[in-house]
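Engineer: Fold the following, please.
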Amino acid sequence: MERRSQQAPGSPRRPPPSEEIEEETPPRRTKLLSDIYETCNFIMLEPENFETAVKHKVWVQAMEEEIKMIEKNNTWELADRPKDKEVIGVKWIYKTKLNADGSIQKHKARLVAKGYSQLPGIDYTETFAPVARLDTIRALLQ
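Structural biologist: Below is the predicted model:
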């Protein structure tokens, strides 16, 4: 007596064992948990804004170093703002310098002007052309 499995009406047909089943989804890949933690830790190395950075001593020190270098190099001179002019704001950029082994070498903070906030035709008359000092060029070439 031949035995056949019966399927309920409307249920999907199961292929016989001899038919090839084509997989549509790629094989599942896994990551080591340690790799995931390293990625997460790397992403959180740098603050996104001043309010976050000022809460951490290392970033406050980095910002103080940047201000000292700006003053030492006479990057700007303090001037009174004309009443009919808008001031271009500044923004802090934070970067963590790493050694080859992934350990932290230095916390670097840069103060940059928000030049993108200028409107075409307004305050575009004055331009700044950076000029390198000779000792800076020598340091780069060594």
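Engineer: From now on I want contacts and neighbour counts done on CA atoms only, so please keep to that.
Structural biologist: OK.
Engineer: hang on, residue 47 in a helix?
Structural biologist: No. Using DSSP: H, G, I helix; E, B strand; the rest coil, the secondary structure at residue 47 is coil, not a helix.
Engineer: quick one: contacts for the closest residue to it other than its chain neighbours?
Structural biologist: Excluding the flanking residues, the one nearest residue 47 by C-alpha to C-alpha, 6 or more residues apart in numbering is residue 53, at 5.5 Å. Taking C-alpha atoms under 8 Å, 6 or more residues apart in numbering as the contact definition, residue 53 lies against 47, 59-60.
Engineer: who wins for neighbours among these?
Structural biologist: residue 59 (22 neighbours; other C-alpha atoms under 10 Å).
Engineer: can you list contacts of stretch 93-100?
Structural biologist: 45-49, 104-112.
Engineer: quick one, longest helix in the chain?
Structural biologist: helix 57-72 (DSSP state H).
Engineer: Check which element follows that one along the chain.
Structural biologist: strand 90-98 (DSSP states H and E).
Engineer: Just give the strands next to that next one in its sheet, each with its orientation.
Structural biologist: strand 104-113 (antiparallel) (DSSP bridges).
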